[in-house]
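Visitor: coords please:
(chains A and B)
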Amino acid sequence: TQLLEQSPQFLSIQEGENLTVYCNSSSVFSSLQWYRQEPGEGPVLLVTVVTGGEVKKLKRLTFQFGDARKDSSLHITAAQPGDTGLYLCAGRGPGSARQLTFGSGTQLTVLP
Amino acid sequence: NAGVTQTPKFQVLKTGQSMTLQCAQDMNHNSMYWYRQDPGMGLRLIYYSASEGTTDKGEVPNGYNVSRLNKREFSLRLESAAPSQTSVYFCASQPWGRAGANVLTFGAGSRLTVL
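Guide: Numbers count the residues shown, from 1 in each chain, chains lettered A, B, ... in the order given. Presented below is the predicted three-dimensional model:
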């Protein structure tokens, strides 16, 4: 079983601050996805990264896939209360058919 | 609205009772999944169906059975519920395609409590 560790588990910050969430593994992934989940709803995909070293930006969110494809980070600039939610990383191993391995999640709270 | 529909949203069971969680998608996706989400443990795969007519065990299949009724519907059954099965259950679907491009679409979840 491939494991994904996310840190921190909980994060509470003031509006306007920057933050970074980390997703680490000892295994190599062919691709990695980041999801955001709000209370009472299912996770919603934010981004997929496929190439080692890849950086993708989605407005104030920057996603990076590690060169060795074992880790990823999510950086949020000038966080807003609307960014509050559970952030989940999910990796697809090389050779795996359709299954994703999910990290344990980072609960982000942005205070106004 | 197009997407993944799960029923029921909430259910309380007594230990030993049985029940079936229903899931339907209207996006013509080939693959469907059942996950459970517990605090601090992210999402864990219970069973999946890569295509109509096939089902396979995931990471935590014990105590569960599934049926891929047709391309749209994938149900999860608890034959004899246990308190350890108290969780939030999510159904998801995914189209066929390159692994790196596939996107899971999740339902809103079914919260199950076993007393």
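Visitor: What are the buried residues along stretch B:64-72?
Guide: B:64, B:66, B:68, B:71-72 (16 or more other CB atoms under 10 Å in any protein chain shown). Backbone N, C-alpha and C define where each C-beta goes, glycine included.
Visitor: wait, does that stretch contact chain A?
Guide: No. Contact of stretch B:64-72 with chain A is not found when judged by CB under 8 Å from any CB of the partner chain; the minimum separation is 13.4 Å.
Visitor: follow-up on the earlier one: show only the entries of the buried residues of stretch B:64-72 found in strands.
Guide: B:64, B:66, B:68 (DSSP state E).
Visitor: Just give me the closest of those to B:Ser84.
Guide: Nearest to B:Ser84 among those: B:Tyr64, at 11.6 Å, using CB to CB.
Visitor: still on that earlier bit, tell me which of the ones in strands among the buried residues of stretch B:64-72 is nearest to chain A?
Guide: For those, the closest approach to chain A (CB to the nearest CB) belongs to B:Arg68, at 13.4 Å.
Visitor: how many other residues sit next to the closest residue to the closest one other than its chain neighbours?
Guide: Leaving aside its sequence neighbours, B:Arg68 sits nearest to B:Ser49 (CB to CB, 6 or more residues apart in numbering or on different chains; 4.3 Å). B:Ser49: 21 surrounding residues under other CB atoms under 10 Å in any protein chain shown.
Visitor: likewise A:Gln14?
Guide: 9.
Visitor: Could I get the pLDDT score of it?
Guide: For A:Gln14, the model assigns a pLDDT of 97.
Visitor: give me every residue that touches it.
Guide: By CB atoms under 8 Å, 6 or more residues apart in numbering or on different chains, the contact list for A:Gln14 reads A:110-111.
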